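Q: Got a sequence here, can you model it:
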Amino acid sequence: MVNMPDDRRPLEHAPSYPCAVTALTPAEAELPPEDQPVGRRALLGMLGLGAAGILWGAKAQSGLERLLRPITLNDQTGLTAFLPTSGRFRIYSVTGGLPSRSAAEYRLTVDGHVDRPMTSDLTTLRDRLPQTEMTKDFQCVTGWRVDDVAWKGVLLADVLDEVGARADATHVRFWSFDGVYTETLTMEQARRDDVLVAHHMLGKPVTREHGGPVRLYVAPMYGYKSLKWLERIEVVTALDEPSDPGYWERLGYDVDAWVGGSNGRSDPAT
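A: Have a look, this model is predicted:
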């Protein structure tokens, strides 16, 4: 087990959200609906619907989440973080949309500072590489958590061994096929026994909404480290290719995103 810092406070320098969103400008009005800023009135109505969903039950809540997804994917205010979810996931995207890659089309490239670069299809990931299952929580840095999520996939450490990651490699960089989202881990973090290249969650293949066909799952860190729509794993060294921060870290989020005592959680990140 890798030792973690005693102080695991997240987002000490995270950017704040504006208090309100103004009306659309003429230029913004020309954007397709999925790219338009979210209006304050729409968000307030959404919060009320979300509360009603809790009262109606999980089935109604699920329907509301699908109905409101175009808004939550593009929330520039942060207000959707306060939507009650009854222990359900909220769907986020850094591009305001959900990229698509079929199981047949999917490929994962692992390269960089390795002896045996590889490009694997989904069948290889599921059938040829050693499989690992774990049941662990998913904790978002905004405060919500889904308990006891069942995950299945290949330990990132096993992937790194398969390609022969070199001894002097220091970091691992991850790339999403949405074309924008990136993340990084140190090699020590990447080789933990609770970091997974996941192709199944909740007993079924990872869906498009949850970052499928394959996503990263970093159990002891906040959800933004668990990159969706995983397309490439790059092993790098600090000597010739320093690991630059991931997408959220460039916006001020902590690089070491250990789950800590804030945001409704007090159990250790193990």
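Q: Surely residue 161 is in a strand?
A: No. Checked against DSSP: H, G, I helix; E, B strand; the rest coil, residue 161 lies outside a strand; its state is helix.
Q: That one: how many residues sit nearby?
A: Residues lying near residue 161 (other C-beta atoms under 10 Å) number 13. From N, CA and C alone the C-beta is placed, and that goes for glycine too.
Q: Tell me how far it lies from residue 235.
A: 11 Å (C-beta to C-beta, to the nearest Å).
Q: buried sites along stretch 221-238?
A: Within stretch 221-238, the residues scored as buried using 16 or more other C-beta atoms under 10 Å are 221-237.
Q: er, stretch 118-133 I mean
A: By 16+ other C-beta under 10 Å, the buried positions in stretch 118-133 come out as 120, 122, 125, 126, 129, 132.
Q: Same check on stretch 162-180?
A: Neighbour-count burial for stretch 162-180, counted by 16+ other C-beta under 10 Å, picks out 162-163, 165, 169-178.
Q: and it, C-alpha only, in CSV?
A: Taking Å, rounded to 0.1, in the frame of the first residue of the first chain, the C-alpha atoms of stretch 162-180 are listed here in CSV:
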residue,chain,number,x,y,z
GLU,A,162,2.3,-6.0,-20.1
VAL,A,163,4.0,-3.2,-22.0
GLY,A,164,7.2,-3.2,-20.0
ALA,A,165,7.1,0.2,-18.4
ARG,A,166,10.7,1.2,-17.9
ALA,A,167,12.2,1.5,-14.4
ASP,A,168,13.1,5.1,-14.8
ALA,A,169,9.5,6.2,-15.8
THR,A,170,8.0,8.6,-13.3
HIS,A,171,4.5,9.4,-14.5
VAL,A,172,1.6,8.1,-16.5
ARG,A,173,-0.5,10.4,-18.7
PHE,A,174,-4.1,9.5,-19.8
TRP,A,175,-5.9,10.8,-22.8
SER,A,176,-9.7,10.7,-23.5
PHE,A,177,-11.2,10.3,-27.0
ASP,A,178,-13.3,13.4,-26.4
GLY,A,179,-10.2,15.2,-27.6
VAL,A,180,-9.9,17.5,-24.5
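Q: So in this structure, which strand runs the longest?
A: Longest strand in the chain, counting residues (DSSP state E): strand 145-155.
Q: Residue 91 reaches residue 209, doesn't it?
A: Yes. The pair residue 91 and residue 209 passes the contact test of C-beta atoms under 8 Å, sitting 5.0 Å apart.
Q: Now the common contact residues for the two.
A: Contact criterion C-beta atoms under 8 Å, 6 or more residues apart in numbering; residues shared by residue 91 and residue 209: residue 98.
Q: and residue 151, how many residues sit next to it?
A: 22.
Q: all numbers from here: first residue = 47
A: Okay, residue one is now 47; in that scheme the one you just asked about reads as residue 197.
Q: low pLDDT regions in this structure?
A: Applying pLDDT under 70 to the chain flags the ranges 47-133, 287-289, 307-316.
Q: Try it again at 90.
A: Low-confidence segments of the chain (pLDDT under 90): 47-140, 142-143, 186-190, 284-291, 297-298, 306-316.
Q: just the strands in it please.
A: For the chain, the strands defined by DSSP E occupy 153-158, 164-167, 178-185, 191-201, 217-222, 228-232, 241-247, 250-251, 261-264, 276-282.
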